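Q: Kindly generate the corresponding structure for this input.
(one chain, ligands or ions: 1)
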Amino acid sequence: MFNRVLIANRGEIACRVIRTCQRLGVETVAVYSDADADALHVRMADVAIRLGAAPVADSYLRGDLIVAAALKAGAQAIHPGYGFLSENPDFVDSVTAAGLVFIGPSADAIRKMGLKDAAKALMASAGVPVVPGYLGADQDAHVLATEAEKIGYPVLIKAVAGGGGKGMRLVEAAGNFAEALESAKAEARTAFGNADVLIEKYVQRPRHIEVQVFGDGTDAVHLFERDCSLQRRHQKVIEEAPAPGMTDAVRQAMGDAAVKAARAIGYAGAGTIEFIVDASAGLRVDGFYFMEMNTRLQVEHPVTEAITGVDLVEWQLRVASGETLPLRQDQLAITGHAIEARLYAEDVPAGFLPATGTLSHLAFPPDARIDSGVETGSEISPWYDPMIAKVTVHGANRVTAFAAMAAALRHTEVAGTVTNLGFLQRLMAEPEFIAGQMDTGLIGRQASLCAPAEADAARVAVAALTASGLDRHALWQGFALWQPVVQRVTLALGEESVEVTLTATDAGFDARVGNRTVILRRDAQGWQADGERMPKAMRHGAAVTVFGRDPLAFTLPDPLARGGQGMGGDAVLAPMPGLVAQVVVAVGQQVATGDRMVVLEAMKMEHVLRAPRDGTVEAVLVAQGDQVKAGVALVTLILPQD
Ligand code: ADP
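A: Numbers count the residues shown, from 1 in each chain. Coordinates of the predicted model:
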């Protein structure tokens, strides 16, 4: 076994590899970009070495700097993780040339599987079933169109150098072929520097089922299948193992084909053979086709670990350090069922737009496996993949695993960025998925999965209460009040905004939301709305998040923006109820547009109220320490004479 390993990656996968190294007593070296100087993987490793600036081209893709860092730190081997340089054969060559071990397959094996067309041809000759299609070198548009016609529509155009769904286009009919080809080629050229494409028969109601393989250069075994059919825009969202509806015969056939593929290239390390499966009539021994091989550890490897009890990173380290395969095929078995969900900072209703933000709060339930590279306070930066965590659960069977995942997602709390958490929760309740009847088009068909979260009056009331800070005051707790505490709170959810009026009662609050009154009561476990237990809510600055089912992320609209509109030009009004913290101006003073006039403390924040126009202060109507209502004039102005 190695003494010291460098991990040429970041985020959750770097942390995950470090954890296994630590368990095996292997020292770890992290590398990082300037954006990651304080990242979790940097703090977890024994040694950390800076690569360069935030862009990946200056840091995580700088193979030369990574090799130099490994040599400097005295590492014997480099674990590439996934993405970045993990499938770059030139990087493997430079690692080996420096006298270091690359924890993964040989450069030759990666090259053989690197281009989809060559890999398909190789697999076909090794007797592995492949999707019917055109793999030719002739890339003339007319030739390609003729080939598409021969294959029969619908067809899929794929970039030969493709990955992550880039350079891929579905073409339903001949009339759309030319345009789709042009855009696929343009995308492929930008993304991969290689515009070549192949054409495949588009499999109807396709399922994506992949087989985990593991080789030691001579022999290979498989660790069963994963079903990754839940995809949005050809990217995996939720994966599970084993595949629902799998039979012993089909598993045997797919496993044999995968092992055959791995052996054909003398594969060493962890790899995945991806198959596209025609699920229009159930899983059949003649209904699966090789799509591509991923010559690295996959994002979704935890589900395989959960059902087999194997630590795949441990196997990678063992095999790379010269050991043979730790287990034979007949020693491997499936126990129970596992599901993984990928939690991302992304705006689902906006089309899965990547999001950024500082995680003001991040918490997970204790009984799920969490693979994450971030924690409370971490920033999801625009530089890298916006994944927050992978949540993996294991159950005795698919039904219990589903229940465990639904519960785990309900108890996952993220504040500080929009996430796909509500979307993942809805997916877990999707009837086709529950029935195991999903295919790769499911998410695309069910628009409601991606709709914005619904803000019901009860949760709006809880959000308003949390925003007001009154929930943490003792005021409402049976004190005899001089007068009722009334506070008005404005909350925004996306484009919509809602006003809530909170009135303290002797047992809690009445919240007026639109034309409804929600009765908020507190008990030992938290708040109830109209007798129903409410999820936890938190406020950080101008953001209020209600956790639990279909979480809601409200913002408190900038009171200045509203105040500015309502000021009418010659008075500065209180945009919300608050405490006058400071009066900056005096009667007779000349002010210019934007000058500070009054500082108001409201909703636990200080708000600076500024002059709406040039003028002279006519009257100051409040003093420091005054409590003011919304809409009250604080300072009036006389306009300058011209
Ligand atoms: P990439 O390498 O860009 O991720 P893949 O070749 O792995 O592309 O395909 C990604 C996804 O596209 C698959 O999981 C599947 O959902 C879909 N797909 C690929 N090939 C076909 C096909 N021939 N018919 C139908 N769907 C396909």
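
Q: Centroid-nearest residue for this structure?
A: By C-alpha atoms, centre = their mean, the mean C-alpha position of the chain lies nearest to Tyr344, the distance being 1.5 Å.

Q: Could you find the closest non-adjacent residue to that residue?
A: Leaving aside its sequence neighbours, Tyr344 sits nearest to Asn420 (C-beta to C-beta, 6 or more residues apart in numbering; 4.9 Å). (C-beta placed from N, C-alpha, C; glycine too.)

Q: Just give the number of residues close to that neighbour.
A: 25 (other C-beta atoms under 10 Å).

Q: any idea how far the ligand is from it?
A: 18 Å (C-beta to the nearest ligand atom, to the nearest Å).

Q: On the strand side of things, show who the residue nearest to the centre of the chain bridges to.
A: Met387 (DSSP bridges).

Q: ok and the residue in the stretch 351-500 of the chain nearest the ligand?
A: Thr440 (3.5 Å; C-beta to the nearest ligand atom).

Q: does the residue nearest to the centre of the chain really touch Met387, like I thought?
A: Yes - under the criterion of C-beta atoms under 8 Å, Tyr344 makes contact with Met387 at 5.5 Å.

Q: Quickly list what's touching both of these two.
A: By C-beta atoms under 8 Å, 6 or more residues apart in numbering, Tyr344 and Met387 have no common neighbours.

Q: residues in contact with the residue nearest to Tyr344?
A: 237, 342-344, 346, 348, 352.

Q: just Ala461 next, same as before
A: Counted by C-beta under 8 Å, 6+ apart, Ala461 has contacts 500, 502, 509, 511, 513, 518, 520, 529.

Q: Among these, which are located in strands?
A: Members of these lying in strands (criterion: DSSP state E): 500, 502, 509, 511, 513, 518, 520, 529.

Q: ok, which stretches of the stretch 401-550 of the chain are strands?
A: Using DSSP state E, counting those that start in this stretch, the strands of the stretch 401-550 of the chain run over 413-415, 486-493, 496-504, 508-513, 516-523, 526-529, 532-533, 537-540, 543-546.

Q: For the second one, name the packing helices and strands.
A: I take that to be strand 486-493. Here strand 486-493 touches helix 457-468, strand 496-504, strand 552-555, going by 3 or more C-beta pairs under 8 Å, 6 or more residues apart in numbering; DSSP states H and E.

Q: neighbouring contacts of stretch 320-332?
A: Residues contacting stretch 320-332 (C-beta under 8 Å, 6+ apart): 1-2, 77, 101-104, 214-216, 219-224, 259, 268-269, 308, 310, 314-315, 318-319.

Q: Quick one: mean pLDDT for it?
A: Stretch 320-332 comes out with an average pLDDT of 97.

Q: Can you give me the neighbour number for the residue nearest to Gly163 when sequence neighbours are not counted?
A: Spatial nearest neighbour of Gly163, excluding adjacent residues (C-beta to C-beta, 6+ apart): Phe192 at 7.7 Å. Applying other C-beta under 10 Å, we find 17 residues neighbouring Phe192.

Q: I'd assumed Ala159 was in contact with Phe192.
A: Yes - counting by C-beta under 8 Å, Phe192 touches Ala159, with 6.1 Å between them.

Q: Let me know the pLDDT of Leu560.
A: Note on Leu560: pLDDT of 51.

Q: Would you map out the domains in this structure?
A: 4-103, 132-201, 206-335, 336-450, 457-555, 568-638 (automatic domain parsing).

Q: closest to Ala119 out of these?
A: domain 206-335 (6.0 Å; C-beta to C-beta).

Q: what's next to stretch 576-591, contact-wise?
A: Contacts for stretch 576-591 (C-beta under 8 Å, 6+ apart): 487-488, 490, 559, 595-603, 606-607, 611, 614-620, 622-630, 634-635, 637.

Q: Identify each buried residue in that stretch, please.
A: Neighbour-count burial for stretch 576-591, with 16 or more other C-beta atoms under 10 Å as criterion, is recorded at 576-578, 580-581, 583-585, 589, 591.

Q: and which of those residues is nearest the ligand?
A: Distance to the ligand across the buried residues of stretch 576-591 (C-beta to the nearest ligand atom) is lowest for Met576, with 49.7 Å.

Q: Now do the strands in the stretch 1-150 of the chain.
A: Under DSSP E, counting those that start in this stretch, the stretch 1-150 of the chain gives strands at 4-7, 27-33, 47-52, 77-79, 101-102, 133-134.

Q: Return the entry from the contacts of Asn420 with the maximum number of neighbours.
A: Top of those by neighbour count (other C-beta under 10 Å): Tyr344, with 25 neighbours.
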